[in-house]
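J.: build me a model from this:
(chains A and B)
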Amino acid sequence: MSIAVDAKDLVKQFGNIRALDGLTFQISQGEIYGLIGPNGAGKTTTLRIISTLILPTSGTIRIFNQDPVTQAAQVRKIISYLPEEAGAYPNLTGNEYLTFMAKFNTNNTEELKQMTEEAAKICGLGERLKDKAKTYSKGMKRRLLVARALMTQPKLAVLDEPASGLDVLHAYHVRQIIKNYVKQHGVTVLLSSHNMLEVEYLCDRVALINKGKIIVEGKPDSLKTQYKSANLEEVFAKVVGYA
Amino acid sequence: MLKGFNTILVKELKELIRDPKILIGMLVLPLVIFPVLGAVLGYASQTAIEQAQKATLLVVDNDQGNWSTTFINYLKSTGVKTTVINNTSPQQVVAQELLTKNNSTRFIEIPAGFSQNMTAHTNGNPAITATINVYGAFQGTSIFSDIGSTATNSIINSYNRVIAPDVLYTTQSTIIKGQIQKGIDPATLSGLMITQSIALPITIMIMLTYSMQIAATSVAMEKEEKTLETLLTVPVDRFAILMGKLSSTIIVAGIASVAVMIGYNYVLGSMTMGIPTATSINLVNLGLVPSAFGYFLLGISLFITLLSGLALAVIMSAFAEDVRGATALVGYIYPIIFIPAMALMYLDVNSLPMAVQAVFYAIPYSHPIIASKAVVLGDYLTVVLGIVYVAVFTIVIMYVASRLFATEKILTAKLRFKRRGIGKRQEQEE
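T.: Residues are numbered from 1 along each chain as shown, chains lettered A, B, ... in the order given. The predicted structure is shown next:
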């Protein structure tokens, strides 16, 4: 299986703050890989570097063998990024938003139609897609955005807290979307989350990250066994010496 | 008192006062703009008075009689620097550019028969009066441009009072673009031109501030609505994002420029039409309205200035986290829009001291206002040079904006206003 993401010794310095401190990990193609950690651990910084938004201070990274630092334009063609607090344009309808975003990936009318239809299927918003995004609830907006991120069938989907702040049903829907769609289309996913249950449910492998470093990595079940814990939350607490 | 009113009021005041961007914005207008404007006006007034005192008054003596000599001596006795030439028609003075050669902006013609008329009047024939013809070169629209003219008129009036009341009459003429316009008082013309020239600076101020707010909020809105991060990761050139944002505001600004030109043309038209015929100064007949080419250049000047303002607003907004922050940041640009606009309503840039001129020419937002006055006088070179200058400034600004969009600074750039106490507290919290 080929390597989708290969990060080595990533460091990111914001002034005096060292957000990443030698982060190293690999993600295989088709894998769902989760980054777990407390606030300020460096999860979002990692996702932003991979998504070509910010540059690492040092270290190397390859996305399907392409460098997001020097080949940002190429990397943007094969990835799709969903920021944690992403929004949609309030005065565009759901359909208009999806079409607007799809147009960056294709000029072909047929492909455009396929993408937006696929997105409509993924988000399940039905007739509400004809309404302006400002009329959507938080859950509806998130479903729209997840659909936007996946409709282009990216080689790598980078999802930052995909179900954060959603009620149980919306969160369940979003997780189902990711799980089913990704496996169906062979998309590689890198996601971050505070929700250990979500990570356990979705991810093939997880990395526990703290103070800009990966402190432990493995399959959820293996980690639970290794640390004799009932869930990943407990694993994390033990690893950082909290329990 | 409403329950909870005080609590809300105190909280709101704290929020406003503790936001340095808003606080500075509130203080900028009264504490910066008006003192600077007052200093510019004072400086301009002082310079105009000094220039008037130094200026030479050209006297064309076509009479060469006793009374003309008396009159010239009286002028000299008041301390006015006087140069006398004989037997020259007003047309020859203009054609031979004698005003420029004598470093003067006005001349007095003592016509032939002046002494004869004065003698007849003083010998007891009150029906006969003498006339002195005053000619002033039109120098643009400045409230201080007629200081010299006023001084000349007051000397003539005082001479009149010394000899006998109502013995001396003056006619006023203005030299416009090398043509003598009889019966047009330079001071009245200057006043009319100032009245009509106020319209454009006000409109430019409104248009610039309004469109800059739109441009600034277009980026800030992306940040506030959390759509910018997504947009920056899609396969599209960052420069295309910047240009797309600018172009939409440029289209709006372009429409606004055309609207301003139409409105400005209407203002000029109404100035000429609304005045009764007997006292009218027809600016169209005097050639003191822009030609079609002048309007074209003025439109370009306005458009390119708007473009530069919009690009600057986009850059400023990149340092804001939300719409409120962006509008506050853009507010810092307002003094350099308002000060030249308000000053140039009443002053002609060429009448200002060199140092102030240099400052005004350096501010891109002065140029449409300078252009609006220059096109009236047919001074297209000034307008074209202004357009070139603002275009270069705009290219530099757009380059900076494109660099900003190409890097992570578009997401991470923030203006910091650290006061000692706050700075220390923030560091401790981190």
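
J.: which pLDDT value goes with the residue sitting nearest the centre point of chain B?
T.: Most central in chain B under C-alpha atoms, centre = their mean is B:Leu344, positioned 2.0 Å from the mean C-alpha point. pLDDT recorded at B:Leu344 is 82.

J.: wait, it touches B:Ile363, no?
T.: No - assessed by C-beta atoms under 8 Å, B:Leu344 is found out of contact with B:Ile363, at 10.3 Å. C-betas here are computed from N, CA, C, even on glycine.

J.: which helix or strand contains B:Gln181?
T.: If you go by DSSP states H and E, B:Gln181 is part of strand B:179-182.

J.: which of the residues in that strand are buried?
T.: Of the residues in strand B:179-182, those scored as buried under the neighbour-count criterion (16 or more other C-beta atoms under 10 Å in any protein chain shown) are B:180-181.

J.: helices or strands next to it in the packing?
T.: Counting contacts by 3 or more C-beta pairs under 8 Å, 6 or more residues apart in numbering or on different chains; DSSP states H and E, strand B:179-182 is packed against helix B:90-95, strand B:168-176.

J.: C-alpha coordinates for it, PDB please?
T.: What follows is strand B:179-182, C-alpha atoms only, in PDB (Å, rounded to 0.1, in the frame of the first residue of the first chain):
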ATOM      1  CA  GLN B 179      -8.300  85.800 -23.000                       C
ATOM      2  CA  ILE B 180      -9.600  88.900 -21.400                       C
ATOM      3  CA  GLN B 181     -13.100  88.400 -20.100                       C
ATOM      4  CA  LYS B 182     -14.500  91.900 -19.600                       C
END
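
J.: in its sheet, what does that strand sit against?
T.: Its sheet considered, strand B:179-182 pairs with strand B:168-176 (antiparallel) by DSSP bridges.

J.: and the strand holding B:Gln181, average pLDDT?
T.: Per-residue pLDDT values across strand B:179-182 average out to 84.

J.: and B:Lys101, how many neighbours?
T.: Each residue near B:Lys101 was counted by other C-beta atoms under 10 Å in any protein chain shown, and the total is 11.

J.: sorry, slip of the keys, the one I care about is B:Thr100.
T.: 10.

J.: A:Leu23 sits in which helix or strand?
T.: A:Leu23 is part of strand A:17-28 when elements are defined by DSSP H and E.

J.: could you say which helix or strand contains the residue nearest in space to the middle of chain A?
T.: Ranked by distance to the mean C-alpha position of chain A (C-alpha atoms, centre = their mean), the top residue is A:Leu159 at 1.5 Å. Counting by DSSP H and E, the secondary-structure element that holds A:Leu159 is strand A:156-160.

J.: who are the neighbours in contact with the nearest residue to A:Val5 once chain neighbours are set aside?
T.: The spatially closest residue to A:Val5, leaving aside those adjacent along the chain, is A:Ile27, at 4.1 Å (C-beta to C-beta, 6 or more residues apart in numbering or on different chains). Contacts here follow C-beta atoms under 8 Å, 6 or more residues apart in numbering or on different chains; on that basis A:Ile27 touches A:3-5, A:33, A:188, A:190, A:205.

J.: again, only this time at 7 Å
T.: With contacts taken as C-beta atoms under 7 Å, 6 or more residues apart in numbering or on different chains, A:Ile27 has the following neighbours: A:4-5, A:33, A:188, A:190.

J.: that older thread, next, give phi and psi for the residue nearest to the centre of chain B.
T.: Main-chain dihedrals, B:Leu344, degrees, to the nearest 10: phi -80, psi -10.

J.: quick one: it and chain A, what's the gap?
T.: From B:Leu344 across to chain A, the span is 39 Å (C-beta to the nearest C-beta, to the nearest Å).

J.: same thing with B:Thr174?
T.: Note on B:Thr174: its distance to chain A, by C-beta to the nearest C-beta, is 56 Å.

J.: just to revisit the earlier point, pLDDT wise, what is the residue nearest to A:Val5 at?
T.: According to the model, A:Ile27 carries a pLDDT of 96.

J.: tell me the residues of chain A that contact chain B?
T.: When proximity is defined by C-beta under 7 Å from any C-beta of the partner chain, chain A lies next to chain B at A:51-55, A:73, A:76-77, A:79, A:81, A:83, A:85-90, A:101, A:104-105.

J.: from the residues you listed, which would you call buried?
T.: Neighbour-count burial (16+ other C-beta under 10 Å) applied to the residues of chain A next to chain B gives A:51-54, A:76, A:79, A:81, A:83, A:86-89, A:101, A:104-105.

J.: please flag which of these sit within strands.
T.: In this view, those that belong to strands under DSSP state E are A:79, A:81.

J.: please name the nearest non-neighbouring residue to A:Val69.
T.: Ranked by C-beta to C-beta, 6+ apart and with sequence neighbours excluded, the top spatial neighbour of A:Val69 is A:Leu55, at 5.7 Å.

J.: my guess is the one you found contacts B:Glu408, does it?
T.: Yes - shown here, A:Leu55 and B:Glu408 form a contact pair, counting by C-beta atoms under 7 Å, at 6.2 Å.
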